[in-house]
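K.L.:
sequence and predicted structure, then a few things I'm wondering about:
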Amino acid sequence: MMLERPPMEDARQALVDKIMPLESEALPTMEAVKRILAADIIAPRDLPPYRQAAMDGFAVSLTETKDKRFTIKKILEADEAPDFSLEPGEAAGVLTGGYVPQGTDVVIRQEDVRIIGDSITVDNFPVIDNIRNQGEDIKSGSVIARSGTIITPGLIAILTAFGLREIRVIRRPKVAILSLGKEVIPYDQDLTPGQMWDSNGPHLSSLVTIQGGLPSVVVSQSSPEKILHSQLQQADMVVTIGGTADGSNDQGRDLLDSTCAEPVFLGYQVKPGSHAWCRGQ
Ligand SMILES: Nc1nc2c(c(=O)[nH]1)N[C@H]1C(S)=C(S)[C@@H](COP(=O)(O)OP(=O)(O)OC[C@H]3O[C@@H](n4cnc5c(N)ncnc54)[C@H](O)[C@@H]3O)O[C@H]1N2
Ligand code: MOO
């Protein structure tokens, strides 16, 4: 049902109601910032993926007698997965984000130990264990982000922390912008008296770019109907500029009538801009 000069909010809602989600496309994760997720993302594994040290220092296995001295079994490298377990009274050198060996009860910061030969003496036992448990941040199988989410830099970090190389996003809408009027010429052409550079086309085009669309601007001095119909084949949305009044140069209304698209609203209660029309499939 076509609305005649509705309030702006009703016009906006009528337009939004016409919008259909576009198809999705696969993108390398690094290129997906600001795009819209096309499907829920499920965590493929736990994060952290293994039990990690939260401090540089020593992983220790405590003794029943609460000894302060531990024998160093091995100093682990940053990229090393331990192939041993700690027995009570043993310690292993660990780095933040690295594995802690099986049997670890607590990680003591290196500032809180003294290294004497092949053993350590703990000056201060921490009140927390300084261990990040497997899956503590995100559990395998849980939803990381829902379909429809706008991908932020933070989400890119999470997706790549899971090694997700490619994700499905909604494709960018193609928006054709048609500047009507025989006096309007592209801004990069020389002007003759009576002509006007197209500035509204570049304005709308920039707004579309900022919102994530793919704009194309056409100045249709001649055969606007032909251009409009070809744009309707290629674009998801066509926006025409000018020609909305009743002057001899105003073809906007006839142009819209020449499409088979259903009228959504005809004019709306905004000044200036009251002559805006909308049609949709
Ligand atoms: N007899 C009447 N005249 C007008 C009426 C009316 O009811 N009866 N309404 C007035 C109102 S209100 C409005 S709003 C305007 C609507 O104007 P149009 O949509 O027809 O706009 P144009 O005539 O095509 O252009 C107006 C002006 O803007 C320049 N222009 C157009 N396109 C561009 C562009 N892409 N970049 C830069 N400049 C552009 C154009 O050259 C004209 O100078 O009608 C009133 N008149
Ligand atoms: O209808 Mo016009 O755009 O308000 O000045």
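P.N.:
Perfect, thanks for sending it. Numbers count the residues shown, from 1 in each chain. Ligands and ions are numbered 1, 2, ... in the order given.

K.L.:
can you show me the helices along the stretch 1-150 of the chain?
P.N.:
For the stretch 1-150 of the chain, helices defined by DSSP state H, counting those that start in this stretch occupy the ranges 8-18.

K.L.:
which residue does it bring closest to ligand 1?
P.N.:
Closest approach between the stretch 1-150 of the chain and ligand 1, counting by C-beta to the nearest ligand atom: residue 5, at 12.6 Å. Backbone N, C-alpha and C define where each C-beta goes, glycine included.

K.L.:
confirm for me that that residue is in contact with residue 267.
P.N.:
Yes. Residue 5 lies in contact with residue 267 (C-beta atoms under 8 Å); the separation is 4.4 Å.

K.L.:
what sits in contact with each of the two?
P.N.:
Shared between the contact lists of residue 5 and residue 267 (criterion: C-beta atoms under 8 Å, 6 or more residues apart in numbering) are residues residue 274.

K.L.:
who's more crowded, those two?
P.N.:
Taking other C-beta atoms under 10 Å, residue 5 and residue 267 do not tie; residue 267 has more neighbours (17 against 14).

K.L.:
ok, the helix or strand bottoming out on mean pLDDT in the chain near ligand 2 or not?
P.N.:
Ranked by mean pLDDT, DSSP states H and E, the weakest helix or strand in the chain is helix 252-257, scoring a mean of 82. No. Applying C-beta under 6 Å from any ligand atom, one finds helix 252-257 separated from ligand 2 by no less than 12.1 Å.

K.L.:
buried stuff in that helix?
P.N.:
The neighbour-count check on helix 252-257 (16 or more other C-beta atoms under 10 Å) flags 252, 255-256 as buried.

K.L.:
between the residues you listed, which is nearest ligand 1?
P.N.:
Closest to ligand 1, out of all of the buried residues of helix 252-257 and judged by C-beta to the nearest ligand atom, is residue 252, at 6.4 Å.

K.L.:
what's near enough to touch that closest one?
P.N.:
Residue 252 touches 180, 240, 242-244, 277, counting by C-beta under 8 Å, 6+ apart.

K.L.:
mind redoing it with 6 Å?
P.N.:
240, 243-244 (C-beta atoms under 6 Å, 6 or more residues apart in numbering).

K.L.:
check those residues against ligand 1, which are close?
P.N.:
Contacts with ligand 1 within the contacts of residue 252, as defined by C-beta under 6 Å from any ligand atom: 243-244.

K.L.:
mind listing which of the contacts of residue 252 are in strands?
P.N.:
When DSSP state E is applied, those are split such that residue 240 fall in strands.

K.L.:
with pLDDT as extra columns, can I get the contacts of residue 252 in CSV?
P.N.:
Converted to CSV, the contacts of residue 252 look like this (pLDDT from 0 to 100):
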residue, pLDDT
240, 92
243, 86
244, 83
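
K.L.:
just the contacts of residue 252 now: which is nearest ligand 1?
P.N.:
For the contacts of residue 252, the nearest to ligand 1 is residue 244 (3.2 Å; C-beta to the nearest ligand atom).
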